[in-house]
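Enquirer: sequence? don't have it. structure:
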DNA sequence: CCTATATTTGCAACTAAGTTGCGTTAGCAA
DNA sequence: TTGCTAACGCAACTTAGTTGCAAATATAGG
């Protein structure tokens, strides 16, 4: 809800997402920015950026948290069900633009859905 | 791969899955069986039972591991993409029989997919 | 039924992701 | 420039899951 201040930390984080179009795991961010900022700051800034609709988060194959830039998702409402693809070889994760259709579930109201695809990406395919 | 021995631990675990048709989180199993067996044993036995196709596992909303009985999935090949539904109110998780169609992804080979739906279940709906 | 062998178990110590509390620092608006 | 509030760093903590090893136990073979 609160406005995101343009602090050094937020700038550095957003630069990382500017550089690569892929999603980035929190673990990777902590490794990369270790000398620049504390991991607590990273967790809190990412949380904020997600609240403000700048980033969206999801869980990778080990249950570790990943973040990616929001492109077509509107802030505060990430109801789009775009799947995430994680390469089992190189570990890279991308947001896919394909839409996964979630069927109506009898007797249940679906609020949110998460689709994680795992397989081999173009680079690792040989 | 190895045949599952009918040890006391394995029997107790399978009883839990017999009782409830829902999925059970490892955390819950550790709580419930705390006086009967060590958590290391639980982790290892579940691993084994999954290898042998008796149970299948997936990650819940916090990235915590859940297990459920395999009904129509053939051992060693859990290629069926049945979604899991987690109630955001009571936390219960069920395997759904609905099939989610995963679209073909250009330049990528999908080996495995995981669909987690979150919402309100029948009991919590009011 | 009894023994040999390989598998499973318990324990304790460990790893690592993520969180919390608090005193200090630094954006930003007036 | 000043003052308020949000953001930061640090250190300690929480907790899911793992590892190594010695002791216990299931199963097969006799």
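Expert: Here it is on my side, so go on. Keep in mind the model is a prediction, meaning the values are calculated, not measured.
Enquirer: from DNA strand D, how far off is the residue lying closest to residue A:98 once chain neighbours are set aside?
Expert: Distance criterion CB to CB, 6 or more residues apart in numbering or on different chains; nearest residue to residue A:98, sequence neighbours excluded, is residue B:103 at 4.7 Å. (Glycine included, C-beta is placed from N, CA and C.) Plainly put, residue B:103 is 29 Å away from DNA strand D if you go by CB to the nearest atom of the strand, to the nearest Å.
Enquirer: cool, residue A:121 as well?
Expert: 24 Å.
Enquirer: and residue A:27, how many neighbours?
Expert: When neighbours are defined as other CB atoms under 10 Å in any protein chain shown, residue A:27 has 14 of them.
Enquirer: that one in helix, strand or coil?
Expert: Assigned state for residue A:27: helix (three-state reduction, DSSP: H, G, I helix; E, B strand; the rest coil).
Enquirer: show me where chain A has strands.
Expert: A:24-25, A:55-59, A:65-69, A:84-87, A:93-95, A:109-120 (DSSP state E).
Enquirer: can you list the ones you listed in TSV and add distance to residue B:85, mean neighbour count and mean pLDDT?
Expert: Shown next, in TSV, are the strands of chain A (distance: least, CB to CB, whole Å; neighbours: other CB atoms under 10 Å in any protein chain shown; pLDDT from 0 to 100):
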stretch	distance to residue B:85	mean neighbour count	mean pLDDT
strand A:24-25	26	20	98
strand A:55-59	16	20	96
strand A:65-69	22	20	96
strand A:84-87	19	22	96
strand A:93-95	23	22	95
strand A:109-120	8	18	94
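Enquirer: so who does the residue nearest to residue A:98 touch?
Expert: A:98, A:99, A:100 (CB atoms under 8 Å, 6 or more residues apart in numbering or on different chains).
Enquirer: show me what contacts the closest residue to residue A:111 other than its chain neighbours?
Expert: Leaving aside its sequence neighbours, residue A:111 sits nearest to residue B:119 (CB to CB, 6+ apart; 4.3 Å). For residue B:119, the contact set (CB under 8 Å, 6+ apart) comprises A:105, A:108, A:109, A:110, A:111, A:112, B:85, B:87, B:88.
Enquirer: would you agree the third one is in contact with residue B:120?
Expert: Meaning residue A:109. Yes: if you go by CB atoms under 8 Å, residue A:109 and residue B:120 touch, sitting 4.6 Å apart.
Enquirer: skipping adjacent residues, who's closest to residue A:115 in space?
Expert: residue A:83 is the one closest to residue A:115 (CB to CB, 6+ apart), at 3.9 Å.
Enquirer: er, residue A:10 actually
Expert: In space, residue A:10 is closest to residue A:45, 5.5 Å off (CB to CB, 6+ apart).
Enquirer: who's in contact with the one you found?
Expert: Residue A:45 sits in contact with A:7, A:9, A:10, A:13, where contact means CB under 8 Å, 6+ apart.
Enquirer: go again using 7 Å as the cut-off
Expert: A:9, A:10, A:13 (CB atoms under 7 Å, 6 or more residues apart in numbering or on different chains).
Enquirer: swap in residue A:55?
Expert: Taking CB under 7 Å, 6+ apart, one finds A:17, A:46, A:49, A:67, A:68, A:69, A:70 in contact with residue A:55.
Enquirer: which pLDDT does the model give residue A:1?
Expert: Note on residue A:1: pLDDT of 45.
Enquirer: same thing with the one 3 residues further on?
Expert: Taken from the predicted model, the pLDDT recorded for residue A:4 is 69.
Enquirer: next one: residue A:88
Expert: 92.
Enquirer: can you tell me the closest non-neighbouring residue to it?
Expert: Closest to residue A:88 by CB to CB, 6+ apart is residue A:118, at 5.4 Å.
Enquirer: and what of residue A:17?
Expert: Using CB to CB, 6+ apart, the closest residue to residue A:17 is residue A:69 (5.0 Å).
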